[in-house]
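Novice: Here is a sequence together with a model predicted from it:
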Amino acid sequence: MERDWQKVLNFNETLLIRIIHLPHWGQHKIHLNVYNQVKNYPYMAVSFIDIKRFEPGFLDKWESKVKEMSANAQFIGGSEVSTLESRLAEYAKVQYAISCANGTDALQLALRAMGVGRGDKVLLPDSTFWATFECVVNVGADPVTIDPTETDLQMDIEDFKKAIDKYKPKAAILVHLYGWGSADVLEFRKICKEKNVLLLEDGAQCFGVQFQNESIYKGAHISTTSFYPAKVLGAAGDGGAVFTNDEALANQVRQLANHGRTSHYGHGSVGWNSRMDSLQAAFLNLSLDHIDARLDSRRSIAAKYQKELPNLGIQVVSPPKGYLENGYCNANIFDIEFRPKLEAHLKEKGIGFGIIYPGAMSDQPGAEGWEKFGDRNVARKICATILNLPLYAYMTDNEFDEVYSVLKDFLKK
């Protein structure tokens, strides 16, 4: 039916979206009046994220690869997985990259390989995705959350130092959020080494990020990433990886991810099945062929936001000095009473947006009973004021201009 409307009335996808959202849609048959109303609408819809924008020929190669691998029953392991791991290690500038089923497993595998377990304290930011918190609980350890700063939105180094002295943790997780990392990343690494705190770096959002002209993963003791489809390097489903330069850690991660196997029916430890399947690896190998172009596109739009939005009086959060971001996410801070009004306006005009994140870890019902360091509640404040605007690979200048125009029209009222 929708294809017929498009054919008869020369609709495009944006106009069709507008019609579906018109008042009383479904009560009347479509007619020319409605079409004209939609055609003359002053705004076009811009989604928060669009992961369907593939390079010319990409889907043909993917379909051909799926057919070839299916015909040969290449579903687990094999050359696609080993090739991907080699390419990931080279790109991240580390010696070892171990693929796994998803980004959450990557964190748990890393913690297990580090020897973190029951009764151990683990410090982590109060502003992150729930997976960072739950992975600590899932290995039997006790999470302690720490507020971020209001400047780079990353974990506060001064609170972190105080928490080390108070809790004597075995490990800590430093999360690199929004497509960059902490201004104090070197200080985090230094203090953890001095205090014998094992540092895991959660890099689910920072594939392609550079710090001081090097991959951010390069200087980490052990780090992880996620290949969830919406990430900068996304799979056709779930996937993840652990990065390290430590051979013993790499071997332990690999063993844990494959049922603790030492041989097919020999098990040196209790692990679980966290293998990345071969089709996901194949999709990621195809995507890696285009990663530089995708990063360039994302960075271009991120830079436009950082340059243009301050002209509207919007507080845009930018990467700290020394970082080349990957353009994963745009982050803006608004007044706590103003944000809901802006949200309503963006919804009305068809402009997608995100709230990353809407709640602090310590405020989640599932976090009840676990400790939070300090009482400044910075994470809670950021969650109540942050808003993320559309940003994705191959977002067009016209789409950016549309977002800007909608913001400008609202802010000048």
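Specialist: Right, received. Where do you want to start? Numbering: from 1, shown residues only.

Novice: Domains of this structure: list them as residue ranges, please.
Specialist: 2-53+291-411, 58-288 (automatic domain parsing).

Novice: Low-confidence ranges, the stretch 51-200 of the chain, go.
Specialist: Filtered on pLDDT under 70, the stretch 51-200 of the chain yields no residues whatsoever.

Novice: Which residue ranges of it form helices?
Specialist: Counting by DSSP state H, counting those that start in this stretch, the stretch 51-200 of the chain has these helices, from start to end: 58-71, 79-92, 103-113, 130-138, 157-167, 185-194.

Novice: Which positions within the first one qualify as buried?
Specialist: Same thing as helix 58-71. Buried residues in helix 58-71, counted by 16 or more other Cβ atoms under 10 Å: 62, 65, 69. (C-beta placed from N, C-alpha, C; glycine too.)

Novice: gap between the last one and Asn258?
Specialist: Right, the one you point to is Met69. Met69 sits 20 Å away from Asn258, going by Cβ to Cβ, to the nearest Å.

Novice: do the first one as well
Specialist: When Cβ to Cβ is the yardstick, Trp62 and Asn258 sit 26 Å from each other.

Novice: could you check the distance from the nearest residue to Ala163 once chain neighbours are set aside over to Ile173?
Specialist: Among residues not flanking Ala163 along the chain, Phe373 sits closest, at 4.4 Å (Cβ to Cβ, 6 or more residues apart in numbering). Distance check for Phe373 against Ile173: by Cβ to Cβ, it reads 14 Å.

Novice: One more: Glu194?
Specialist: Applying Cβ to Cβ to Glu194 and Ile173 gives a distance of 18 Å.

Novice: okay, these two: which has more neighbours?
Specialist: Ile173 (25 against 9; other Cβ atoms under 10 Å).

Novice: re the thing from before, which of the domains of the chain is buried the deepest?
Specialist: Highest mean neighbour count of the domains of the chain: domain 58-288, a mean of 20 (counted as mean count of other Cβ atoms under 10 Å).

Novice: any idea how far it is from the chain center?
Specialist: Here the centre of domain 58-288 is set off from its chain's centre by 12 Å, with Cα atoms, centre = their mean, to the nearest Å.

Novice: Nearest to Asp289, out of the helices of the stretch 51-200 of the chain?
Specialist: Judged by Cβ to Cβ, the one of the helices of the stretch 51-200 of the chain that comes nearest to Asp289 is helix 58-71, at 8.7 Å.

Novice: orientation of that closest one relative to helix 79-92 in degrees?
Specialist: Relative orientation of helix 58-71 versus helix 79-92 (axes from the mean of the first three to the mean of the last three Cα atoms, to 10 degrees): 140 degrees.

Novice: Confirm for me that Ala101 is in contact with Trp272.
Specialist: No: between Ala101 and Trp272 there is no contact under Cβ atoms under 8 Å: 9.1 Å.

Novice: which residues do the two both contact?
Specialist: Jointly contacting Ala101 and Trp272 under the rule Cβ atoms under 8 Å, 6 or more residues apart in numbering are Ala257.

Novice: Hmm, Val144 and Met155 touching each other?
Specialist: No: if you go by Cβ under 8 Å, Met155 and Val144 don't touch, sitting 11.6 Å apart.

Novice: and for the two, which residues touch both?
Specialist: Leu124.

Novice: what helix or strand is Val242 on?
Specialist: Using DSSP states H and E, Val242 sits within strand 240-244.

Novice: The helix or strand that comes right after that strand packs against which elements?
Specialist: Next along the chain after strand 240-244, taking DSSP H and E as the criterion, comes helix 247-256. Other helices and strands packing on helix 247-256, by 3 or more Cβ pairs under 8 Å, 6 or more residues apart in numbering; DSSP states H and E, are strand 96-100, helix 103-113, strand 240-244.

Novice: Render the CA-only coordinates of the lengthiest helix in the chain in PDB, please.
Specialist: Ranked by residue count under DSSP state H, the longest helix found in the chain is helix 291-308. Output in PDB follows, covering the C-alpha atoms of helix 291-308 (Å, rounded to 0.1, in the frame of the first residue of the first chain):
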ATOM      1  CA  ILE A 291      36.000   2.800   8.600                       C
ATOM      2  CA  ASP A 292      38.200   5.800   7.700                       C
ATOM      3  CA  ALA A 293      35.500   7.300   5.500                       C
ATOM      4  CA  ARG A 294      32.800   6.700   8.100                       C
ATOM      5  CA  LEU A 295      35.000   8.300  10.800                       C
ATOM      6  CA  ASP A 296      35.700  11.300   8.500                       C
ATOM      7  CA  SER A 297      32.000  11.800   7.900                       C
ATOM      8  CA  ARG A 298      31.100  11.500  11.600                       C
ATOM      9  CA  ARG A 299      33.900  13.900  12.600                       C
ATOM     10  CA  SER A 300      32.800  16.400  10.100                       C
ATOM     11  CA  ILE A 301      29.300  16.600  11.500                       C
ATOM     12  CA  ALA A 302      30.500  16.700  15.100                       C
ATOM     13  CA  ALA A 303      32.800  19.600  14.200                       C
ATOM     14  CA  LYS A 304      29.900  21.500  12.600                       C
ATOM     15  CA  TYR A 305      27.900  21.100  15.800                       C
ATOM     16  CA  GLN A 306      30.800  22.300  17.900                       C
ATOM     17  CA  LYS A 307      31.300  25.300  15.600                       C
ATOM     18  CA  GLU A 308      27.700  26.400  14.900                       C
END
